[in-house]
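Participant: Compute the structure for the input listed below.
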Amino acid sequence: MNKYIVLALTLLMILGLMGGVAVAEDSELPNWNIEGEWLITTTFNSTTTERTLIVEEQDSNGNFTGTLGPVGGEPTGVVNGWVRGDDVYIEYTRPSISDYESYRVGVIASDGKSMAGEFSDTSSNEGTWEAEGEAYWIDYYKAAPAVAAELLKEADIDARYGSGRTGGNHIADVAHEMGDTTDFDGVSKCDVFEYEYAVADYLNTKDDPAEVAYPVSELQSVVYEGEGDLFGDHIDDKITFTFSNDVFHDPYVEVTFETAQELWESWGADNWTFVGNTAIVTLNREYGSPRNIVGDSVIDISGIVDAVANDVVVPEDGVKVTKQ
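Facilitator: Sure thing, here's the model as predicted:
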């Protein structure tokens, strides 16, 4: 069995099969929608063939189905595959030839007008392929008017304000303020939290304000991992604080519990790390007074901020500490 077939079969084992379609298990979403007609050229054993690839439907996860056949002719088989990021996988099955399959693994070009990669099949052929067509970039980020519409809906505020000629529309105001690009107040829509904050701030401070809620990073869970039930009596004990949005370090961290003694970063007995929407404190030396925190509740946190440097939010009733 040649190396490309091994590669394709390995991909299938790693990615798994669902309904005959190879479905990647990781969470990477497709950058492109490749639905439409492609002229696909395949070269192997000094032979070059041209076929028409028609991708009929691609779902939100990037899995697609379609057909492949001679240029200007009827399809000779079915295609299943996926797009993940800029990567593409195409599996062709031809019912008229028993157990025949071919595999194409490749990359979509940055302009979306071509894709190319390695070819292999169950007849031990190996080579290369390229395709010409048009893929469409998938934009996952909402522009300011759409963000404003969501903020207004959450606040139960009508987009229209005032009456007659003296009135206006909050969403139209946001669209006008956005201008010719999708940036808003100098913030890219790819910076989701900061972008929503900028839109909310505009709605709340413009003439005829809307009074919508600002986005926050709210504490969602607190999980203790350690040898015993007390935090502070074993090196490498740790607590993971998970928030609704990304968080950042703003020394020094102080965590207040409902009954247990506070945690102060300035003691130097623990190490704080921040990854995405989590803050993790790990013990690097034992406390003189270990904390009995399991079952207790965190009621306040300082020294941890959101993407616009505002303090994180702790729910009014606090968040109970659980043990993993």
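Participant: how about the spatially closest residue to residue 58 that is not a sequence neighbour, secondary structure?
Facilitator: Here the nearest residue to residue 58 in space, its sequence neighbours aside, is residue 64; by C-beta to C-beta, 6 or more residues apart in numbering that works out to 3.9 Å. Just so you know, the C-beta spots here come from the backbone N, C-alpha and C atoms, and that holds for glycine as well. Local secondary structure at residue 64 is given as strand here, using DSSP: H, G, I helix; E, B strand; the rest coil.
Participant: least trustworthy helix or strand in this structure by mean pLDDT?
Facilitator: Taking mean pLDDT, DSSP states H and E as the measure, strand 17-18 is the helix or strand of the chain with the lowest mean score, a mean of 34.
Participant: With just CA atoms, put stretch 310-324 into CSV.
Facilitator: The C-alpha coordinates for stretch 310-324 follow below in CSV (Å, rounded to 0.1, in the frame of the first residue of the first chain):
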residue,chain,number,x,y,z
ASN,A,310,-12.6,46.4,33.8
ASP,A,311,-12.8,44.3,36.9
VAL,A,312,-14.3,40.8,36.5
VAL,A,313,-17.8,40.3,37.9
VAL,A,314,-18.8,37.8,40.6
PRO,A,315,-22.5,36.8,40.8
GLU,A,316,-24.4,38.3,43.7
ASP,A,317,-24.7,35.0,45.4
GLY,A,318,-21.1,34.1,44.8
VAL,A,319,-19.8,30.9,43.1
LYS,A,320,-19.3,27.7,45.1
VAL,A,321,-15.9,26.0,45.1
THR,A,322,-16.1,22.4,43.9
LYS,A,323,-13.4,19.7,44.0
GLN,A,324,-12.2,17.8,41.0
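Participant: Could you shift the numbering so residue one becomes 29, and keep it that way?
Facilitator: Fine by me, first position is 29 from now on; the one you just mentioned is stretch 338-352.
Participant: Check which residues of that stretch are buried.
Facilitator: By 16 or more other C-beta atoms under 10 Å, the buried positions in stretch 338-352 come out as 340, 342, 346, 347, 349.
Participant: Is it possible to get JSON lines of those that adds pLDDT, secondary structure and distance to residue 235?
Facilitator: Listed next are the buried residues of stretch 338-352 as JSON lines, based on pLDDT from 0 to 100; DSSP: H, G, I helix; E, B strand; the rest coil; distance: C-beta to C-beta, whole Å:
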{"residue": "340", "pLDDT": "97", "secondary structure": "coil", "distance to residue 235": "31"}
{"residue": "342", "pLDDT": "98", "secondary structure": "coil", "distance to residue 235": "34"}
{"residue": "346", "pLDDT": "97", "secondary structure": "coil", "distance to residue 235": "39"}
{"residue": "347", "pLDDT": "98", "secondary structure": "strand", "distance to residue 235": "39"}
{"residue": "349", "pLDDT": "97", "secondary structure": "strand", "distance to residue 235": "46"}
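Participant: Pipe those residues into CSV and attach distance to residue 76 per row.
Facilitator: Putting those into CSV (distance: C-beta to C-beta, whole Å) gives the following:
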residue, distance to residue 76
340, 60
342, 65
346, 68
347, 63
349, 65
